[in-house]
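Novice: 3D model of this:
(one chain, ligands or ions: 1)
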Amino acid sequence: MSLLVKICGLSTRETLQTALEAGADMVGFVFFPPSPRHLSLELGRDLGRQVSGRALKVALTVDADDATLDNIMDALSPDIFQLHGKESVARLRDIKQRFGRPVMKAVPIATSADLAVLPGYAAVADRILFDARAPKEATRPGGLGEPFDWHLLENLDLKLPYMVSGGLHADNLAEALRVTRAGGVDVSSGVESAPGVKDPQMIKAFIRAARATQDASQELSVR
Ligand SMILES: O=C(O)c1ccccc1NCC(=O)[C@H](O)[C@H](O)COP(=O)(O)O
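Specialist: Numbers count the residues shown, from 1 in each chain. Below is the predicted model:
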């Protein structure tokens, strides 16, 4: 199965075009006002039109209410909702039923105890995103550019597809994939020149590095 590459927190036509042309499988749009990547609904609508089927549109929200999700559905019509807050298993089920879209649940990781929530989420979510747990003082639960200990996932036995994120960049994603055996990688800070400012060259370098890792693992598997 080919590696999924997600570029998250895109907020301009130019950098979205770069990610699409470089072959990103998923493009993430943040709807969380404290984030430097937060999009207005109007900009989300515009960027969503630009994607026009070239990648999966991921709407990233944090403990959003139904009215907010309704507005995002109308503006972006996301392919996936990425729920990056404290959403319960029941809330995931509710969102899936109400909006009829797959959900990717972000699971914050700092210690092995954080894995205890997996069985509940895995019963409802379509995909899991492992991310570094944000420090208590953080103004947002993700997009902080810090990794977690990937070895915490070394013995993971998850029947659901999962991605790894948190502090990834072109030079460490191969190791993150080797240790976690994730089916996808997700990045935001690692392709930015400043918080919220995506860098086209860094986007291209990240996707090139991910594809090189994918090719290398496919070569090994056919030997
Ligand atoms: O990106 C944000 O600003 C953000 C805000 C609130 C919740 C989640 C957020 N990002 C979630 C993502 O999917 C990021 O790509 C992921 O946390 C990795 O971020 P980074 O460590 O900056 O690569």
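Novice: the strands in this protein, which residues?
Specialist: Listed in chain order, the strands of the chain (DSSP state E) span residues 4-8, 26-30, 56-61, 80-83, 103-109, 127-132, 162-165, 184-187, 192-194, 197-198.
Novice: got TSV for the ones you listed, with mean pLDDT, mean neighbour count and distance to residue 15 too?
Specialist: Using the backbone N, CA and C atoms, a C-beta is placed for each residue, glycine as well. What follows is the strands of the chain, written out as TSV (pLDDT from 0 to 100; neighbours: other C-beta atoms under 10 Å; distance: least, C-beta to C-beta, whole Å):
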stretch	mean pLDDT	mean neighbour count	distance to residue 15
strand 4-8	98	25	8
strand 26-30	99	26	10
strand 56-61	99	23	15
strand 80-83	99	24	19
strand 103-109	98	22	22
strand 127-132	98	23	21
strand 162-165	98	25	18
strand 184-187	98	27	13
strand 192-194	98	14	9
strand 197-198	98	18	4
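Novice: could I get these as CSV with distance to residue 121?
Specialist: Putting the strands of the chain into CSV (distance: least, C-beta to C-beta, whole Å) gives the following:
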stretch, distance to residue 121
strand 4-8, 18
strand 26-30, 19
strand 56-61, 16
strand 80-83, 9
strand 103-109, 5
strand 127-132, 7
strand 162-165, 10
strand 184-187, 17
strand 192-194, 28
strand 197-198, 29
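Novice: For residue 151, which of those is the nearest?
Specialist: The closest of these to residue 151 is strand 103-109. By C-beta to C-beta, the value is 10.8 Å.
Novice: Distance check, residue 162 against residue 6.
Specialist: Shown here: residue 162 relative to residue 6, a distance of 12 Å by C-beta to C-beta, to the nearest Å.
Novice: Need the overlap of contacts for these two.
Specialist: By C-beta atoms under 8 Å, 6 or more residues apart in numbering, residue 162 and residue 6 have these common neighbours: residue 184.
Novice: Tell me which of the strands of the chain lies nearest to residue 140.
Specialist: strand 26-30 (8.9 Å).
Novice: Give me the residues contacting the closest one.
Specialist: Residues external to strand 26-30 that are found in contact with it (C-beta under 8 Å, 6+ apart): 4-11, 16, 19-20, 37-39, 44, 47-48, 51, 55-60, 76, 78, 80, 82, 143, 184, 186, 188.
Novice: Adding distance to the ligand, write the strands of the chain out as JSON lines.
Specialist: Rendered in JSON lines, the data for the strands of the chain read as follows (distance: least, C-beta to the nearest ligand atom, whole Å):
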{"stretch": "strand 4-8", "distance to the ligand": "3"}
{"stretch": "strand 26-30", "distance to the ligand": "5"}
{"stretch": "strand 56-61", "distance to the ligand": "6"}
{"stretch": "strand 80-83", "distance to the ligand": "6"}
{"stretch": "strand 103-109", "distance to the ligand": "7"}
{"stretch": "strand 127-132", "distance to the ligand": "5"}
{"stretch": "strand 162-165", "distance to the ligand": "4"}
{"stretch": "strand 184-187", "distance to the ligand": "5"}
{"stretch": "strand 192-194", "distance to the ligand": "8"}
{"stretch": "strand 197-198", "distance to the ligand": "11"}
